[in-house]
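1. pasting a predicted model and its sequence here:
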Amino acid sequence: MDDLLFPAEARTRAIARELYTHARNLPLISPHGHVDPGILAEDAPFPDPARLIIVPDHYVTRMLLSQGVTPDRLGVPRIDGGPVETDPRVIWRTFAQHWHLFRGTPSRLWLEQTFKTVFDIETPFGPSTADRVYDELAARLEQPEYRPRALFGKFNLEVLATTESPLDDLSRHAKLAADGWGGPGGRVITTFRPDDLVDMDWPGWAARVAKLGDMTGHDTTTYEGFLAALAQRRLDFIAAGATCSDHGHPTAATGGLTADEAKLLFERALHDGLAATPDGTPIIPGPPATPAEAEAFRAHMLIEFARMSVDDGLVMQLHPGSSRNHNAALFRTHGRDVGGDIPVATEYTNALRPLLDEFGHDPRFRVVVYTLDEYTFTRELAPLAGGYPAMFVGAPWWFLDAPEALRRWREAVTETAGFYNTAGFVDDTRAYCSIPVRHDVARRVDAGWLARLVAEHRLGLDEAAETIADLAYHLPKKIFRVGQS
Amino acid sequence: MDDLLFPAEARTRAIARELYTHARNLPLISPHGHVDPGILAEDAPFPDPARLIIVPDHYVTRMLLSQGVTPDRLGVPRIDGGPVETDPRVIWRTFAQHWHLFRGTPSRLWLEQTFKTVFDIETPFGPSTADRVYDELAARLEQPEYRPRALFGKFNLEVLATTESPLDDLSRHAKLAADGWGGPGGRVITTFRPDDLVDMDWPGWAARVAKLGDMTGHDTTTYEGFLAALAQRRLDFIAAGATCSDHGHPTAATGGLTADEAKLLFERALHDGLAATPDGTPIIPGPPATPAEAEAFRAHMLIEFARMSVDDGLVMQLHPGSSRNHNAALFRTHGRDVGGDIPVATEYTNALRPLLDEFGHDPRFRVVVYTLDEYTFTRELAPLAGGYPAMFVGAPWWFLDAPEALRRWREAVTETAGFYNTAGFVDDTRAYCSIPVRHDVARRVDAGWLARLVAEHRLGLDEAAETIADLAYHLPKKIFRVGQS
Amino acid sequence: MDDLLFPAEARTRAIARELYTHARNLPLISPHGHVDPGILAEDAPFPDPARLIIVPDHYVTRMLLSQGVTPDRLGVPRIDGGPVETDPRVIWRTFAQHWHLFRGTPSRLWLEQTFKTVFDIETPFGPSTADRVYDELAARLEQPEYRPRALFGKFNLEVLATTESPLDDLSRHAKLAADGWGGPGGRVITTFRPDDLVDMDWPGWAARVAKLGDMTGHDTTTYEGFLAALAQRRLDFIAAGATCSDHGHPTAATGGLTADEAKLLFERALHDGLAATPDGTPIIPGPPATPAEAEAFRAHMLIEFARMSVDDGLVMQLHPGSSRNHNAALFRTHGRDVGGDIPVATEYTNALRPLLDEFGHDPRFRVVVYTLDEYTFTRELAPLAGGYPAMFVGAPWWFLDAPEALRRWREAVTETAGFYNTAGFVDDTRAYCSIPVRHDVARRVDAGWLARLVAEHRLGLDEAAETIADLAYHLPKKIFRVGQS
């Protein structure tokens, strides 16, 4: 029996093994993530091992950067189009030479298990076996059973949600629907993520708002038109299977503006953002709103989106607390979303109060709140989720999606919120092939925690078995409203 | 042997068992809690199971609310007097149907152990046995050995402190004293909690200050009279057995005002608060002080109360960090203290500095500081308690009074503050029947932690045995100055 | 086999034992600490047991103070020269009577192991054996093999870094160099710690800046001269073996001023600080800068010191987050650095951004960041160190240098930063005789953590063995650039 991640103590380990059998074969629900839907729409073979495993995985590239190996050497594209390493085998070897950096990290665990369980490679990975693993993996990628859709079945995935901007034309999801893979109740669905239309201080905001108007036919130069256009795109997303919206804000702030104030701010900022000289040069070079105004507008829009959720049923997900593009040098060379973000302390109790005041008891509303700040688990998130019907605690995210952090999360949150105010595991990944492994890790950690409760006579074995199945499958399915169409 | 909560590892468990024998039969000291003294003054039989176990326990009702079961359905009285469920068996069944929500929570543990050890019910509780347990419990409640005073003996309680406002007439404690149960050195004593006279932003403040004047004969329209009246009530409370005061403030702030500033603020706010039109309508509809003024006055009053403690010997307890009545909907329907509070981040190092500057080395002064914010354990609370003679760290409180949190507390605090700068377990409960169980849980957790120290050769078994007895009995008795008259 | 601190679970303990053998006999690298270099320069016998063990150890004296035993009774010198206990045996007995206070603390562990492994005393220490241990220890101290330099060899110390102000004449290090013990690549080296020249609000700042001018011949009344003088002292320190600078600031703030602003602020504050009446009385009684100005100047100077590091190669160490001299009464009677400091919440993500923006990718620059605030481990420190080549996470410090905190540190930091972005153990002590014990504790804790990874099939035994040796020896040697001349 494979005891990966189970507690070493014999009595507890035996219980964990037993509990794990109740979860291991349940289908995977992946209600939130960043897989490119084109992968499944096209179902093309994956490229070489380096471009599959290393280049797009910023967990991997940031660790190597932390020891002086630049993203250029790993083939990560530069935004200036400058030269980067292109030989996949060179990239692979550079990575392998630094394999020791990953000891004790989840990347190590995910990669090892991905090689083994997804790609059926028995050779242990390391500097001395790098070429051999490369060759074996490259050979697998040519076989039809390792294409994306085939793997979907192998993964035992039931539902996979991707994440798109309201400006996405959803053509890939249309292709998936045409193939019988997408649409409401489908296997691959989308998620509505409007940050780029809500963040006034994200360069190009006003132009994107204008584009939203073009897409929808609403006059988005008015606040009312802007809201109407967003509401319409939500319906379009729901038609493409969406059951959730997602919001990645710097803070968890909600509320604070009246509708009139929001209208005034929106229209003034949009006007400034769109204003240009006759030759098209923007008159205002920077963002059209101060940081405080941008933050106030984001906080206000969460209330508006909650109001829309009451109408259309999309479950709101909130991912606050990341200082985006902290690594300025990396941002200059490689742009956004390449591992340069760093968490900051995040406040929830006061920040969420306006949202919960207005919608916290509404049975039509649901919000799943995530954190990068584990030092809010017992003080804020568990008490809030344990006190408001509308709120659930999301699984530990990003820097916290690893075995020890998952364990600490359960140990911290359960006593106040129980198991049933948590939303189940969410992989949140763009690394498609790591999905089954990540879920398996979460199931194993839950097995270990539940086993401890049983071993210490705090829970019956039968109840623990029911609980682990709920956490692995039934809870996320219900809370994220997937598979219900 | 019952191994509840002991570590599963065999060597450690055997030591924990051994250590637990040194604590399990020691009398209970309950130096801080919220049991209604009328229960023991009247010694009436408890009402039905629902009104004993569910209706008044906001740990239970908030968990059910978090899953959409309203307090109305659980029989919690509305402040508008509107209809709520009154059939105890219906309430009981609703609760039982949601029993799975409590898996892994302390409520589950306390309730199971209360049924078993307090009420001698062997039937395991659950949805399918709910009626049977109800009947058994209802039958017990009719028997004299399950009346409050009889249970007091069964619990092996030595001292139980309740908590009252200075405006309480202490008549229930007078009855207890008359029956040989109360008064200085008695079994049931009171605690002086003046928040309602110190919080200018608590509606009705000025009227309560006026009532304090009526009760004491001091002119509480002056600041000097206000202080004198409070000092006199402290003596009245001491005559009713009090050994402690208790202060539940939003923050841990102390000091900041001169006596002159405090006098000015107090008298201005009181004047505004009492001012009324000829028909009695208050002229100022809201609180008579700004939030900042109210906070400054609270911070100042802790210095004044510390000064009084130096004179009269009451041990100060400080419970900061709760955002009261966060759940606005719940507050509107059911009022205060029904589970709608949520913790906020709490700062101690700077906040307590004025208090510790002035009294931190005074052997007549003692302050026990609690927290809802465990993310201060190693950074602030342990270093402060490990550096000032007057300060002790209170046991984890409220959302943190559970096995995992208690374990984390010991693991975090001991290395800097040791065991002897902690105040021992405090149950802080209004659920009278859960008292023995809560203390038992704390003793078991301490046994587990000490067992680990012994198993890892960090402490001798004899020392650990002495320590667990100190933590369970001798330390709280000494620190809270109970049983010394 | 001695299982001190190893996990009790048999499988894990066996692995921990095995791993520990790979680290236990490796030489000690002590790249940061506060041992008086005169101890090794003079190599005089240590004084009596009380003056060796109790009087200078503020971990010990603050714990006794926390229970009302004043530093006077323990022989700690008063700054007013007032009388304190002088009889070492009386001090020793007072300490022994309070031995129970140290149960579960690292002081207990360090002292027991120091008695046993450094001084070869088999008698267990306690109130009843205090005199016997005193006599045995006193006898040892008279023997040549217990003199400082002999112990250096017994400790298996390879390098010991002390910490000095730029105003120190480094005469003790000159003596050590003359004896073949010091200088670049030597056994005892210095560290450049310029806080007293950078903290405008530290009384006497302007006079110290003037003294720096006298020492170096630079005109430190100008900002340019001040920087040049500091740069020159860094070279002097490097000649005395220094490989690091160290900076103990209230916060981690960096950057914020232009060079012009810094010049203006420095010269204005220096002028005010030096201004005096004809009889020499300073015209400004307090600090010559506001707290905000002093903080801005410190933040700015970290950028300047980083710039110097790029030139001269000194590794920057940053120790933020201590509220110095919190205990006002203790400060009045006994001065600085006697255990009266308390940590405060510390922010890193925004604070370090200017420093990392400018130097975070420069291979010539390196900064090791410490914390007293463990509630930043996963949120800030691990992500930062796991993302910037120049930054490493320093070992848990001061209140956190104990087994449980070390364990939590590894469990928290490893998943995001791995092992190789941490700087290895740092003892940071002024208690010379505790050095080997402190390192041994860290090695044992690392053995326990790595053993858990192995037992849970997360790491191979061979890799874990390599890792523990890296953590114990190779990493600190490399990161702090010691032993490389």
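-> On my side now, so go ahead.
2. use CA for all of it now, contacts and neighbours both
-> Will do.
3. mind checking the SS state of the closest residue to chain B within the stretch 151-300 of chain A?
-> In the stretch 151-300 of chain A, the residue that lies nearest chain B is A:Ala252 (14.2 Å; Cα to the nearest Cα). The assignment at A:Ala252 comes out as coil when based on DSSP: H, G, I helix; E, B strand; the rest coil.
4. show me what contacts it?
-> With contact set as Cα atoms under 8 Å, 6 or more residues apart in numbering or on different chains, A:Ala252 has these partners: A:299, A:318-321, A:346-348, A:351-352.
5. go on, A:Leu257?
-> Here A:Leu257 is in contact with A:296-297, A:300 (criterion: Cα under 8 Å, 6+ apart).
6. please enumerate the strands of the stretch 101-250 of chain A.
-> In the stretch 101-250 of chain A, the segments counted as strands under DSSP state E, counting those that start in this stretch are A:157-161, A:188-189, A:244-247.
7. which residues sit against the last one?
-> Strand A:244-247 is contacted by residues A:163, A:191-195, A:314-320, A:480 when judged by Cα under 8 Å, 6+ apart.
8. greatest separation within these: which pair is it?
-> Of all pairs drawn from those, the widest gap by Cα to Cα lies between A:Asp195 and A:Phe480 and measures 19.8 Å.
9. and the two? Which one has more around it.
-> The neighbour comparison of A:Asp195 against A:Phe480 (other Cα atoms under 10 Å in any protein chain shown) goes to A:Phe480, with 25 against 17.
10. is the more buried one in contact with A:Val315, as I believe?
-> Yes - counting by Cα atoms under 8 Å, A:Phe480 touches A:Val315, with 6.3 Å between them.
11. quick check: neighbours shared by those two?
-> Shared contacts of A:Phe480 and A:Val315 (Cα under 8 Å, 6+ apart): A:243-244.
12. how many residues are close by A:Asp462?
-> By the other Cα under 10 Å criterion, the neighbourhood of A:Asp462 contains 10 residues.
13. what do you get for A:Gly313?
-> As a burial measure, A:Gly313 scores 20 neighbours (other Cα under 10 Å).
14. quick check, pLDDT for the closest residue to it other than its chain neighbours.
-> In this structure, A:Gly313 finds its nearest non-sequential neighbour in A:Arg364, 6.6 Å apart by Cα to Cα, 6 or more residues apart in numbering or on different chains. A:Arg364 is assigned a pLDDT of 97 by the prediction.
15. for A:Arg364, which three-state class applies?
-> Remark: A:Arg364 carries the secondary structure label coil [criterion: three-state DSSP].
16. which members of the contacts of A:Ala252 additionally contact chain C?
-> Under the cut-off given by Cα under 8 Å from any Cα of the partner chain, chain C has nothing from these close to it.
17. thinking again about what came up before, most tightly packed of the strands of the stretch 101-250 of chain A?
-> The densest packing among the strands of the stretch 101-250 of chain A, expressed as mean neighbour count by mean count of other Cα atoms under 10 Å in any protein chain shown, is seen in strand A:188-189 with a mean of 28.
18. give me the sheet partners of it and which way each runs.
-> Sheet pairing of strand A:188-189 (DSSP bridges) gives strand A:157-161 (parallel).
19. and the pLDDT at the residue in the stretch 151-300 of chain A that chain C sits nearest to?
-> Distance from chain C to each residue of the stretch 151-300 of chain A (Cα to the nearest Cα) is smallest for A:Pro250, at 13.0 Å. Among the per-residue scores, A:Pro250 holds a pLDDT of 96.
20. for A:Met1, same thing?
-> Reported pLDDT for A:Met1: 54.
21. again with A:Pro144
-> With respect to pLDDT, A:Pro144 scores 97.
22. just to revisit the earlier point, pretty sure the residue nearest to A:Gly313 contacts A:Met308?
-> No - in terms of Cα under 8 Å, A:Arg364 does not count as a neighbour of A:Met308; the distance is 10.4 Å.
23. list the buried residues of the helix or strand where A:Ala464 lies.
-> A:Ala464 is part of helix A:461-469, with elements assigned from DSSP states H and E. Within helix A:461-469, the residues scored as buried using 16 or more other Cα atoms under 10 Å in any protein chain shown are A:461, A:464-465, A:467-469.
24. in the stretch 201-350 of chain A, which residue sits nearest chain C?
-> Among the residues of the stretch 201-350 of chain A, A:Pro343 lies nearest to chain C; the distance is 5.6 Å by Cα to the nearest Cα.
25. which ones are touching that residue?
-> A:321-323, A:372-373, C:349, C:379-380, C:383.
26. just the ones of the residues you listed in helices?
-> Taking DSSP state H, the ones among the contacts of A:Pro343 that sit in helices are C:Pro383.
27. out of the contacts of A:Pro343, which is most surrounded?
-> Taking other Cα under 10 Å as the neighbour criterion, C:Arg379 ranks highest of the contacts of A:Pro343 with 29 neighbours.
28. I'd say A:Ile479 and A:Phe425 touch.
-> No - no contact is recorded between A:Ile479 and A:Phe425 when judged using Cα under 8 Å, the distance being 11.3 Å.
29. name the element the residue of chain A positioned farthest from its centre belongs to?
-> For chain A, the largest distance from the centre (Cα atoms, centre = their mean) belongs to A:Pro278, which lies 41.7 Å off. Counting by DSSP H and E, there is no helix or strand that carries A:Pro278.
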